[in-house]
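Enquirer: turn this into a model:
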Amino acid sequence: MDTVNPAALSAILGAGAGIGVLLIVAGWRGKTRIRLPRTNRLTRVRAAVTASIGGAAWLITGWPVAAILAAAGAWTLPHILGPDRHHQRQLARVEAIATWTEMLRDTLSAAAGLEQAILATAPLAPDAIRTEVTDLAARIQAGARLPDALHRLADDLADPAADLVVAALVLAAQHQARQLADLLGSLAGAAREQAAMRLRVHAGRARTRTSVRVIVGTTLAFAVALVLLNRPYLSAYDTATGQLMLAGVGLLFGAGIAWLAKIAAVAEPSRVLAPGTTPGRVVERQVTS
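Expert: Next comes the predicted model:
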């Protein structure tokens with residue numbers, strides 16, 4: 001495997017050219033017709049970058065296993081080495097739920113009905129949950145039953161803090177619960193306390209995440225330096241047996257990195273408004289706790 005297979009080189013270059021053409025066409029069509037959702041665009045770009053890195057690793061080393069390992073690392077490592085965007089989104093969502101709950105409380109205090117309060121606050125909902133709340137308002141305007149629309153909101157938000165708020169609203173819609181404004185105020189306070197607790201837990205795990213980044217970064221830098229600066233030292237991997245050994249080493253490192261990432265991850269609280277759960281019991285459990 002000292003030389004690059006011409007067929008493999010042609011295939012890689014052809015694939016790279018094809019990906020480039022597809023990205024150009026997709027970008028042009030996105031500007032002139034319909035723009036793809038941001039998540040879909042990022043996924044396509046991420047896939048193209050991953051394929052390019054895998055192809056580059058194959059060209060540099062001549063090892064197919066190196067191409068697979070490099071592509072796998074390019075796909076997974078940004079999540080481990082980069083900032084914890086998932087935690088940031090979850091924290092922003094909990095705070096947005098608390099803010100919207102307070103908006104509902106204040107609107108209800110002005111003697112507006114529950115449906116009118118939801119419709120009035122939907123355009124003003126915080127950015128983190130505005131899409132879900134706007135969809136809720138659209139379903140209400142389309143004639144959907146309020147409890148059904150609220151359950152759909154809970155599924156869209158998929159957050160324990162949102163489940164508590166939705167349970168209170170469903171209870172009010174079905175049984176005309178009294179003092180709903182006071183209850184919403186208490187739930188908003190509980191949501192803010194939950195956001196503060198998540199922030200403290202995440203801060204406690206920050207040192208572990210930093211250690212994981214250092215270990216992974218050092219390992220990758222050492223491997224790249226060996227490939228680029230001392231290739232004869234790795235000549236044993238040029239054989240088929242060496243490729244099998246490289247695959248085993250890669251799997252061991254991958255398992256170790258996955259274990260480190262699991263240690264550094266912050267467990268998310270489970271939802272309380274699961275299918276079949278009675279909203280009244282959820283709210284009662286929260287109030288009495």
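
Enquirer: CA only for contacts and neighbour counts going forward, please
Expert: Will do.

Enquirer: helices of the protein, start to end?
Expert: Here the chain has its helices, by DSSP state H, at 6-32, 38-61, 64-81, 85-109, 114-121, 130-141, 146-157, 160-175, 180-229, 240-264, 279-288.

Enquirer: buried deepest among those, which one?
Expert: Compared across the helices of the chain, helix 160-175 shows the largest average neighbour count, a mean of 22 (mean count of other Cα atoms under 10 Å).

Enquirer: thinking again about what came up before, which one of the helices of the chain lies closest to Val272?
Expert: Closest to Val272 of these is helix 160-175 (Cα to Cα; 5.8 Å).

Enquirer: helices or strands next to the closest one in the packing?
Expert: Helix 160-175 is packed against helix 85-109, helix 146-157, helix 180-229, helix 279-288, with contacts defined by 3 or more Cα pairs under 8 Å, 6 or more residues apart in numbering; DSSP states H and E.

Enquirer: okay if I get those as CSV plus mean pLDDT and distance to Leu119?
Expert: Output for the helices and strands packed on helix 160-175, formatted as CSV (pLDDT from 0 to 100; distance: least, Cα to Cα, whole Å):
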stretch, mean pLDDT, distance to Leu119
helix 85-109, 85, 10
helix 146-157, 89, 12
helix 180-229, 82, 16
helix 279-288, 49, 22
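
Enquirer: and those: which comes nearest Trp63?
Expert: Per Cα to Cα, nearest to Trp63 of the helices and strands packed on helix 160-175: helix 180-229, 11.2 Å.

Enquirer: hang on, the earlier thing: can you lay out the helices of the chain as TSV showing distance to Val272?
Expert: Below are those laid out as TSV (distance: least, Cα to Cα, whole Å):
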stretch	distance to Val272
helix 6-32	40
helix 38-61	28
helix 64-81	28
helix 85-109	15
helix 114-121	22
helix 130-141	19
helix 146-157	10
helix 160-175	6
helix 180-229	13
helix 240-264	24
helix 279-288	7
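
Enquirer: out of those helices, which is closest to Leu273?
Expert: helix 160-175 (5.3 Å).

Enquirer: domains in the chain, as residue ranges please.
Expert: As recorded under automatic domain parsing, the domains making up the chain are 1-63, 82-289.

Enquirer: out of the ones you listed, the one nearest Leu69 is which?
Expert: So among these, domain 82-289 is nearest, using Cα to Cα, at 6.7 Å.

Enquirer: point out where the stretch 1-150 of the chain drops to low pLDDT.
Expert: 1-39, 84, 111-112 (pLDDT under 70).

Enquirer: just to revisit the earlier point, what's the closest of the helices and strands packed on helix 160-175 to Ala261?
Expert: helix 180-229 (7.0 Å).

Enquirer: would you turn the domains of the chain into JSON lines with distance to Ala70?
Expert: JSON lines is the format used below for those (distance: least, Cα to Cα, whole Å):
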{"stretch": "domain 1-63", "distance to Ala70": "5"}
{"stretch": "domain 82-289", "distance to Ala70": "10"}
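
Enquirer: so for Trp75, which of these sits nearest?
Expert: domain 1-63 (6.0 Å).

Enquirer: got the phi and psi for Ala144?
Expert: phi -70, psi 150 (degrees, to the nearest 10).

Enquirer: give me the number of residues near it?
Expert: Ala144: 14 surrounding residues under other Cα atoms under 10 Å.

Enquirer: how near is it to Leu226?
Expert: From Ala144 across to Leu226, the span is 63 Å (Cα to Cα, to the nearest Å).

Enquirer: so which of the helices of the chain gets nearest Arg271?
Expert: Going by Cα to Cα, the one of the helices of the chain nearest Arg271 is helix 160-175, 4.5 Å.

Enquirer: and the angle from that closest one to helix 85-109?
Expert: 30 degrees (axes from the mean of the first three to the mean of the last three Cα atoms, to 10 degrees).

Enquirer: as a whole number, average confidence for helix 160-175?
Expert: Averaging pLDDT along helix 160-175 gives 84.
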